[in-house]
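could you look at this predicted model? Sequence included:
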Amino acid sequence: MSELEGAERLDRRMITMTAVLTGVIAVVGAVVAGSAMISSGTPAGVTMLAVFGGALVVFGLSVGVDYIRWRATTYRLSEERLELRFSFVLNRRRSLARDRIRTVDVTASPLQRLFGIAAVVIGTGQSGESGESEVKLDAVSRERAHELRRELLRHAADAEPHTDDGTLAELDWRWAAYAPLSVLTPALGAAAVGAVANVASWFGDSDDVVGSVVSDLLIAAALFGYVTVVIGVLLAGAIGALLLFVEMWWGYRLDREPGGTLHVRRGLLTSRSISLEERRLRGAEIIEPLGVRLARAGRVDAIATGIREGGTGQGERTDHKTLLPAAPRAVALRVVSDVLREPDVSGALTGLTPHPRAARSRRLRWALAPVTLVFAVLLTVELAAGDQIATRAGSALAGLVAAVPWVFAVIAVPIAVLLAVDAYRNLGHGLSGRYLVARRGVARRSTALVQRTGVIGWTVRQSIFQRRSGLLTLVATTAAGSGAYTIPDVDVTEGVAFADEAVPDLLAEFIERPGESPATTVTRER
Amino acid sequence: MGNTVRLRPPKNQLNRRCLLWWRARTALVVAPIVAALAFIGFLVAPVLTVFAGIAAAAGLAYGVLMPMWWYRVHRWEVTDTAVYTRTGYFWQESRIAPMSRIQTVDTVRGPLQQLLRLATVTVTTASAKGAVRIAGLDAELAADLAAELTRITHATPGDAT
């Protein structure tokens, strides 16, 4: 049927998989529906007919659709192009030029793995019209998937001779200890507890014995004290985070393949194979969430063009840029150096230029302003209505009510100051070989190393307050990653000089140095 | 601060007809509000006519003074190697995009702009956040500028990422 020479079909096992999956669903559905019908007094014969008929129709339809999809879809890998054809009723043809292919990601869900198939997503790395730049082969045999990946990315190998391929990083199970330190932990725990509470409420509504026992138990557990709950939440969160880590990072390996492709392999249930051409790489980012940072560890993300952030309906896309899970700082630094082909970035990162003290004052003001506001509100309430509240609360608590604003201040002020000082200390920028380094953040400290040739523009922001303190905010725009990397509150002179040095020939003609003739004449447009 | 290195402001101001454009836009927002207030005030609640007066006065002051202010602070410049704009005063923002990284040059003319022979030129680079916008150029100048930018951009090799 195919006029395409050497065309291939998707793997036949996709139909088997659909058959098994819908078969199970149909059987379960039939049992549930059947028992419901019989218990409501429908004659057995009618029930059988309806249930089996329904199950057969569902089964037949989905298998039929999948069979047609399998029959109709062919793909062909030629010297120049990858072509995907779908011809059933309508004809659809997609074709990608092979030399524009930048990513080949292979994923296999647990079910797909059971059947030995995998999905291959081939992208050109163009973030333009979404969907147009990708071809998805959603069922090819596992072997063929990896073969395709190698074949499609080989052109790069011919083009670039420098290949110091090998393994850059492998999973160290000790890294799992960092997983529960993520900010997600309490959220995961809360979600787990919420789910239990939800289940309990289902039981709670009905009168049956099991339900009341379960809900009684849960209530008893709750009564055990808030401490237990908090510990429970954290523990559940920690276990959840650990399980998530195991699922995501099982068998993790970061390789550099011939021709300069970074290849990440990982995943326990869903296996993922993510390839990133170095040509698209514009830098790397070390991300240190607060908890992880306190444990002196950090994660490494790639800054690359053509990684859609979030988009195209695949939530998982975002973690496609992670090159290394949270690992000890030394490991993270080594991986960054290897990935970026820089001798050693750790020196540059410790010697970042600090920002002026005015930046610290700004952060202190930002941190203390809300504290002062809340304190003022509390104090006003205390002064205006403190007596009434105290009499309501009883004499024993009267002293406590008066103390509330002050207790708040004693707790909140040091925290605010600590956060502000930390925020200031984390500010830094510098140059490391071919890379520009920008560091900032408290809850999520980010150290971005952006290729200087990858900076495709500057935005300089200066609020009236910054102008008075002699500060400005530099934003380097790039085609990669989030599109912009911000260096907040640098000294005016130093910042402009830095931007000029980091990306030569871009700012030079717009810079005014002391001693030169001041403000050039303003020409008015016609 | 006399002895600091700094970015000089871009050389060119926008077209003077921008003043009219901004004023017309302000009027289009303020006038319906004033009219509605005055109408309802005239019919039912006379107190609203006072508010209408206040809104009209505020709108008039805003529409007269602010454009003069904006006209002073909006600047742009195109050199052989870069496009450079500056906007704002309280939150001043300067954007520089190198000519070699420009991907698209768009010229947009809204209804008001067409009436006033003005145009907005938007220069985008491969960065999602690097677009440079010059709003309020003379239409002819904008067309020439866009053509010139497109020509230079085409002459530059590479995919500008």
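Cool, got the structure.

quick one, strands of the stretch 401-526 of chain A?
A:428-432, A:435-440, A:444-451, A:455-463, A:471-478, A:484-491, A:511-512 (DSSP state E, counting those that start in this stretch).

with distance to chain B as added columns, please give those strands in TSV.
No exception for glycine: its C-beta is placed from N, CA and C like everyone else's. Formatted as TSV, the strands of the stretch 401-526 of chain A follow (distance: least, C-beta to the nearest C-beta, whole Å):
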stretch	distance to chain B
strand A:428-432	16
strand A:435-440	14
strand A:444-451	11
strand A:455-463	4
strand A:471-478	3
strand A:484-491	4
strand A:511-512	4
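
just give the nearest non-adjacent residue to B:Leu19, would you?
Among residues not flanking B:Leu19 along the chain, B:Pro67 sits closest, at 4.7 Å (C-beta to C-beta, 6 or more residues apart in numbering or on different chains).

which ones are touching the one you found?
By C-beta atoms under 8 Å, 6 or more residues apart in numbering or on different chains, the residues touching B:Pro67 are B:Cys18, B:Leu19, B:Trp22, B:Arg23, B:Thr26.

look up how far A:Arg12 lies from it.
As judged by C-beta to C-beta, to the nearest Å, B:Pro67 and A:Arg12 stand 69 Å apart.

what's opposite A:Thr459 in the beta bridge?
In this entry, A:Thr459 is beta-bridged to A:Val475, B:Arg95, by DSSP bridges.

coming back round to it: mean pLDDT added to the strands of the stretch 401-526 of chain A, as TSV?
Shown next, in TSV, are the strands of the stretch 401-526 of chain A (pLDDT from 0 to 100):
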stretch	mean pLDDT
strand A:428-432	92
strand A:435-440	94
strand A:444-451	93
strand A:455-463	92
strand A:471-478	93
strand A:484-491	93
strand A:511-512	86
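
now the ones you listed as JSON lines including mean neighbour count?
Formatted as JSON lines, the strands of the stretch 401-526 of chain A follow (neighbours: other C-beta atoms under 10 Å in any protein chain shown):
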{"stretch": "strand A:428-432", "mean neighbour count": "20"}
{"stretch": "strand A:435-440", "mean neighbour count": "24"}
{"stretch": "strand A:444-451", "mean neighbour count": "22"}
{"stretch": "strand A:455-463", "mean neighbour count": "23"}
{"stretch": "strand A:471-478", "mean neighbour count": "24"}
{"stretch": "strand A:484-491", "mean neighbour count": "22"}
{"stretch": "strand A:511-512", "mean neighbour count": "16"}
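
quick one on the thing from earlier: the helix or strand hosting the residue nearest to B:Leu19: which residues count as buried?
Assigned by DSSP states H and E, B:Pro67 belongs to helix B:47-73. Under the neighbour-count criterion of 16 or more other C-beta atoms under 10 Å in any protein chain shown, helix B:47-73 has B:Leu48, B:Phe51, B:Ala52, B:Ala55, B:Ala56, B:Gly59, B:Gly63, B:Pro67, B:Trp70, B:Tyr71 buried.

now do stretch A:136-153
A:137-142, A:144-146, A:148-150, A:152-153.

got it, and stretch A:327-343?
Buried residues in stretch A:327-343, counting neighbours by 16+ other C-beta under 10 Å, are found at A:327-329, A:331-340, A:342.

and stretch B:118-133, by the same measure?
Counting neighbours by 16+ other C-beta under 10 Å, the buried set in stretch B:118-133 is B:118-121, B:123-133.

pull the CA atoms of it into PDB?
Extracted in PDB, the C-alpha atoms of stretch B:118-133 (Å, rounded to 0.1, in the frame of the first residue of the first chain):
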ATOM      1  CA  LEU B 118       1.700  56.900  12.900                       C
ATOM      2  CA  ALA B 119       3.000  53.300  13.300                       C
ATOM      3  CA  THR B 120       4.400  50.900  15.800                       C
ATOM      4  CA  VAL B 121       7.500  48.900  14.900                       C
ATOM      5  CA  THR B 122       8.200  45.800  16.900                       C
ATOM      6  CA  VAL B 123      11.500  44.000  16.600                       C
ATOM      7  CA  THR B 124      11.700  40.500  17.900                       C
ATOM      8  CA  THR B 125      14.600  38.300  18.600                       C
ATOM      9  CA  ALA B 126      14.800  34.600  19.300                       C
ATOM     10  CA  SER B 127      14.200  35.300  23.000                       C
ATOM     11  CA  ALA B 128      10.700  35.200  24.200                       C
ATOM     12  CA  LYS B 129      11.500  38.200  26.300                       C
ATOM     13  CA  GLY B 130      13.700  40.300  24.100                       C
ATOM     14  CA  ALA B 131      11.200  42.200  21.900                       C
ATOM     15  CA  VAL B 132      11.900  45.800  21.300                       C
ATOM     16  CA  ARG B 133       9.000  48.100  20.600                       C
END
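
what is the mean pLDDT for that stretch?
In this model, stretch B:118-133 carries a mean pLDDT of 87.

that one close to chain A?
Yes: counting by C-beta under 8 Å from any C-beta of the partner chain, chain A is contacted by stretch B:118-133 at B:Thr125, B:Ala126, B:Ser127, B:Ala128, B:Lys129, B:Gly130, B:Val132.

sort out for me which of these are in strands.
Mapping the residues of stretch B:118-133 next to chain A onto strands (DSSP state E) picks out B:Thr125, B:Val132.

list the buried residues of the helix or strand hosting A:Ala241.
Following DSSP H and E, one finds A:Ala241 within helix A:226-249. Within helix A:226-249, the residues that count as buried by 16+ other C-beta under 10 Å are A:Gly232, A:Val233, A:Leu234, A:Ala236, A:Gly237, A:Ala238, A:Gly240, A:Ala241, A:Leu242, A:Phe245, A:Met248, A:Trp249.

show me what the mean pLDDT comes to for it.
On average, helix A:226-249 scores 82.

which elements pack onto that helix?
Applying 3 or more C-beta pairs under 8 Å, 6 or more residues apart in numbering or on different chains; DSSP states H and E, one finds that helix A:226-249 contacts helix A:184-205, helix A:209-223, strand A:322-328.

per-residue confidence averaged over stretch A:30-39?
85.

still on that earlier bit, just how off-centre is the helix holding B:Pro67 within its chain?
Centre-to-centre, helix B:47-73 and its host chain are 19 Å apart (C-alpha atoms, centre = their mean, to the nearest Å).
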